[in-house]
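**Q** Turn this into a model:
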Amino acid sequence: MRNPATTTPRRLPLWPAVALCLSLPLTVQTIGTGQAWWDIALGRFIQGHGIPAADPFTFLATAHPWVAPEWLFQVVLAGVVHAGGAGLASLVIGLVASLALVVAALAVPGASPTGGWWRTAAVLAGAATASPLLGVNGNSVTLLGAAATLLVVRRWREGGSRSVWLLPPLFLVWANCDPGFVAGLLILAFTLLIHRPARPEPAAGGRPGLSASLLARLPGSPEAAQVALIGAVAAIAAVVLGLVAGAVAMVVMWALLRPVAAAAAAPRRPLLIAALLAAAATLLTPAGPRLYTVIAATLTSPAISQLATALQTPNFHNTFPRLIEVVAGLLVLAWMLGRPPRTEDCLLATALFLAALEASGAAGIFAVVAIPQLAEYGASAWAERGPAAIRRLHLELRPLFALGFAAVIALASVLVVVPRLSPSAAARAERDGEPAAAAAYALAQFPGQPLLTSISDAGYLAYRSPAGHAVFVDESMSQFTGGALRDYTDITQVSGDWRTVLQDLGIRHAVLVADGATTQALIEAGWTVNCYDPASGRAVLSAGSQPAAFPPPLPSQAPTC
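**A** You can find the predicted model right below:
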């Protein structure tokens with residue numbers, strides 16, 4: 001029996017609170033996208049009328065039945081906005097995103113000596129990488145679902161089979177909040193695929209297999225050699241044949257060279273049963289199996305890929321997308337300098353990095369997967385390769401100082417975040433980022449008439465027009481036929497017979513960016529500028545019967561909306 005006098009008191013780790021507070025300035029964002037207004041508008045509509053059978057905001061007759069994959073998130077979001085305004089919605093969704101990053105840091109193996117400082121640094125790196133995708137949208141729910149899935153898988157690998165039974169209720173809620181639950185199912189499928197026992201060693205005097213002899217020729221441990229060879233082949237295939245070919249090459253190489261098994265201590269059956277139940281739970285949505293059809297159609301449609309930013313490759317000319325490359329480089333560096341990485345970690349991170357290069361919307365999942373690996377392998381690399389003089393310094397704060405440090409971080413986070421939550425900040429963000437004045441003018445002057453807008457502005461117009469049926473193509477692009485998307489592309493890119501398309505659709509009014517190519521083309525075609533919204537840079541235009549003036553007038557010279 002232990003002597004209470006000699007027992008070291010167990011300290012409550014403060015790093016989760018510190019990491020959460022440090023990430024909040026990156027995750028708490030004001031409502032500034034059309035997607036957020038679209039979600040609020042749909043949530044209000046569902047609260048009052050139930051899930052609609054067709055898009056209630058477009059004036060087109062859609063070809064496909066309405067599928068609302070985010071209906072639960074939208075209803076909750078509309079309720080939060082109704083209860084506390086846009087500021088409360090920003091805070092709640094930001095907290096969800098920060099919680100997701102902290103949960104991902106908890107997925108470090110329990111036996112790893114990774115300290116809280118490394119976990120906090122990894123959370124900050126993940127928050128910076130995912131921040132362009134965050135905001136008041138369902139991406140935060142997907143990050144939390146992916147992080148919880150990683151944590152359950154990690155506990156299962158360590159023998160905690162009970163945790164797998166959290167997966168079915170997790171995916172039930174997740175599938176009704178965001179279609180990103182598919183990423184969680186893929187993580188589970190990957191885990192079950194790679195979790196297999198090691199191959200037996202060849203008998204004495206026997207001839208080693210091809211994979212064993214090939215890996216034996218490479219320097220380093222078999223684990224490092226395997227990872228290096230698979231990564232090299234996948235990178236070459238991605239450069240020469242494309243990113244999808246790189247992912248396929250990675251899977252094929254692993255199938256051929258797998259003398260190094262994943263951690264096989266945990267029985268596979270509980271995770272397999274829980275994963276099957278989780279997949280079955282995703283069918284318990286208003287759309288049922290049709291939800292998968294919509295998701296597949298969205299991911300495979302060239303027209304939607306051209307219009308949806310999340311399905312396009314990242315713009316590496318901007319600062320934040322470059323962090324995807326930075327995090328990937330840090331991961332490879334940590335794998336090389338620290339202890340040999342686990343094969344399943346390298347393969348999963350590599351696959352998601354390739355996915356993030358193919359579609360920017362996958363960057364958030366990549367960040368979540370990278371967080372525990374950055375923390376664990378980064379700490380290992382530093383312990384082995386860091387300067388000895390610094391490694392001997394153990395940064396251990398006394399409880400009182402640790403509490404004070406956490407309080408200072410929390411106060412600094414409050415000072416940064418709280419000003420964003422005020423009604424004036426929300427109103428300013430709406431006025432500057434959305435066509436508030438232009439929408440008010442158009443909806444008042446042309447009630448019930450079709451309006452030509454961009455897809456992002458269509459979400460805000462839907463929010464401002466509860467009567468509905470005012471906008472063209474909106475955020476729910478999968479319900480439109482290829483013809484409608486093609487017509488929208490022709491008009492907005494001023495290509496094809498766009499004038500005839502406008503006439504056939506009966507569109508005689510528009511809310512567009514004042515200095516855009518479509519606005520200039522409409523003015524040259526004889527449309528007139530009714531008013532100009534200087535805060536958002538939008539103009540309200542109408543088809544005119546007079547010949548076009550030359551030179552065409554500037555939209556900014558029109559009366560203010």
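**Q** and stretch 337-349, what's its mean pLDDT?
**A** The average of the pLDDT scores along stretch 337-349 is 83.
**Q** Pull it out as CSV, backbone CA atoms only.
**A** This file holds the C-alpha atoms of stretch 337-349, laid out as CSV (Å, rounded to 0.1, in the frame of the first residue of the first chain):
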residue,chain,number,x,y,z
LEU,A,337,14.5,12.8,-37.6
GLY,A,338,12.5,11.0,-35.0
ARG,A,339,11.8,7.4,-34.2
PRO,A,340,10.5,5.3,-37.1
PRO,A,341,6.9,6.3,-37.8
ARG,A,342,4.0,3.9,-37.9
THR,A,343,3.1,2.8,-41.4
GLU,A,344,-0.6,3.6,-40.9
ASP,A,345,0.2,7.1,-39.9
CYS,A,346,2.3,7.8,-42.9
LEU,A,347,-0.1,6.3,-45.3
LEU,A,348,-3.1,8.2,-43.9
ALA,A,349,-1.3,11.5,-43.8
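**Q** what's the burial count for Gly138?
**A** 23 (other Cβ atoms under 10 Å). In this view, the C-beta of every residue, glycine as well, is placed from N, C-alpha and C.
**Q** right, and it touches Asp39 too?
**A** Yes - contact criterion Cβ atoms under 8 Å: Gly138 and Asp39 qualify, at 7.4 Å.
**Q** tell me which element Ala356 falls in.
**A** Per DSSP states H and E, Ala356 falls inside helix 343-358.
**Q** Specify the local secondary structure of the closest residue to Leu522 other than its chain neighbours.
**A** Residue nearest to Leu522 in three dimensions, not counting chain neighbours: Leu541, with 5.5 Å by Cβ to Cβ, 6 or more residues apart in numbering. Put simply, Leu541 is strand when judged by DSSP: H, G, I helix; E, B strand; the rest coil.
**Q** For Ala296, grab the count of nearby residues.
**A** Using other Cβ under 10 Å, Ala296 has 12 neighbouring residues.
**Q** quick one: what helix or strand has it in it?
**A** helix 290-300.
**Q** outside of that helix, which residues touch it?
**A** 64-65, 67, 69, 175, 179, 182, 282-283, 285, 287, 304, 308, 311, 477-478 (Cβ atoms under 8 Å, 6 or more residues apart in numbering).
**Q** Of these, just say which sits nearest to Trp165.
**A** Thr282 (16.1 Å; Cβ to Cβ).
**Q** what residues are up against the closest one?
**A** 171-172, 174-175, 181, 185, 291.
**Q** Quickly note the distance from Tyr292 to Val182.
**A** Tyr292 sits at a distance of 8 Å from Val182 (criterion: Cβ to Cβ, to the nearest Å).
**Q** between the two, who's got more neighbours?
**A** Neighbours per residue, other Cβ under 10 Å: of Tyr292 and Val182, the larger number sits with Val182, 18 against 14.
**Q** show me the contacts for Ser413.
**A** Residues near Ser413 by Cβ under 8 Å, 6+ apart: 21-22, 24-25.
**Q** all strands for the protein, in order.
**A** Using DSSP state E, the strands of the chain run over 451-452, 509-513, 528-533, 538-542.
**Q** between the last one and strand 528-533, how many degrees?
**A** Counting by axes from the mean of the first three to the mean of the last three Cα atoms, to 10 degrees, strand 538-542 points 160 degrees away from the direction of strand 528-533.
**Q** And the contacts of strand 538-542?
**A** 435, 438, 441-442, 445-446, 457, 508-514, 519, 522-523, 527-533, 555, 558, 561.
**Q** If any of those are buried, put those into a PyMOL selection.
**A** Buried members of the contacts of strand 538-542, defined by 16 or more other Cβ atoms under 10 Å, are picked up in PyMOL with:
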select buried, resi 435+438+441+442+446+457+508+509+510+511+512+513+514+519+522+523+527+528+529+530+531+532+533+555+558+561
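**Q** Report the buried residues of the longest helix along the chain.
**A** If you go by DSSP state H, the chain has its longest helix at helix 71-105. Within helix 71-105, the residues that count as buried by 16+ other Cβ under 10 Å are 71-78, 80-81, 85-87, 89-105.
**Q** Quickly list the domain ranges of this structure.
**A** Taking automatic domain parsing as the criterion, the chain consists of the domains 16-197+261-391, 209-260, 434-557.
**Q** Am I right that Ser465 is in contact with Leu443?
**A** Yes - Ser465 lies in contact with Leu443 (Cβ under 8 Å); the separation is 5.3 Å.
**Q** any idea where the helices of the stretch 101-250 of the chain begin and end?
**A** Counting by DSSP state H, counting those that start in this stretch, the segments of the stretch 101-250 of the chain that form helices are 116-130, 139-157, 167-175, 181-194, 210-216, 222-241, 243-256.
**Q** between the ones you listed, which gets the lowest average pLDDT?
**A** helix 210-216 - the lowest mean pLDDT of the helices of the stretch 101-250 of the chain, at a mean of 46.
**Q** picking up where we left off before, would you format the contacts of Ser413 as CSV with distance to Gly364 and neighbour count included?
**A** CSV is the format used below for the contacts of Ser413 (distance: Cβ to Cβ, whole Å; neighbours: other Cβ atoms under 10 Å):
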residue, distance to Gly364, neighbour count
Cys21, 20, 22
Leu22, 18, 20
Leu24, 17, 22
Pro25, 17, 18
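**Q** and those, which two are the farthest apart?
**A** Comparing all pairs in those by Cβ to Cβ, the longest separation belongs to Cys21 and Pro25, at 8.9 Å.
**Q** where does the stretch 1-150 of the chain have low pLDDT?
**A** By pLDDT under 70, the low-scoring segments of the stretch 1-150 of the chain are 1-12, 62-64.
**Q** if you set the cut-off to 50 instead, what comes out?
**A** 1-10 (pLDDT under 50).
**Q** ok, back up a step: possible to save the domains of the chain as JSON lines with distance to Gly404?
**A** Listed next are those as JSON lines, based on distance: least, Cβ to Cβ, whole Å:
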{"stretch": "domain 16-197+261-391", "distance to Gly404": "12"}
{"stretch": "domain 209-260", "distance to Gly404": "42"}
{"stretch": "domain 434-557", "distance to Gly404": "42"}
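**Q** And the ones you listed: which comes nearest Val418?
**A** Of all those, domain 16-197+261-391 sits nearest to Val418, with 9.0 Å by Cβ to Cβ.
**Q** Figure out how far the closest one is from the centre of its chain.
**A** From the chain centre to the centre of domain 16-197+261-391 is a distance of 6 Å (Cα atoms, centre = their mean, to the nearest Å).
**Q** residues near the nearest residue to Pro179 once chain neighbours are set aside, how many?
**A** Excluding the flanking residues, the one nearest Pro179 by Cβ to Cβ, 6+ apart is Pro69, at 4.5 Å. If you count neighbours by other Cβ under 10 Å, Pro69 ends up with 24.
**Q** Distance-wise, check Pro69 relative to Val136.
**A** Pro69 is 17 Å from Val136, by Cβ to Cβ.
**Q** List the residues that contact the closest residue to Ala310 other than its chain neighbours.
**A** In this structure, Ala310 finds its nearest non-sequential neighbour in Gly361, 3.1 Å apart by Cβ to Cβ, 6+ apart. If you count contacts by Cβ under 8 Å, 6+ apart, Gly361 has them with 133, 139, 309-311.
**Q** Check the residues you listed for burial and list the buried ones.
**A** Buried among those (16+ other Cβ under 10 Å): 133, 139, 309, 311.
**Q** got a list of what the closest residue to the second one other than its chain neighbours touches?
**A** In space, and not counting its chain neighbours, Asn139 is closest to Leu133: 4.9 Å by Cβ to Cβ, 6+ apart. Under the criterion of Cβ under 8 Å, 6+ apart, the neighbours of Leu133 are 139, 310, 360-361, 363-364.
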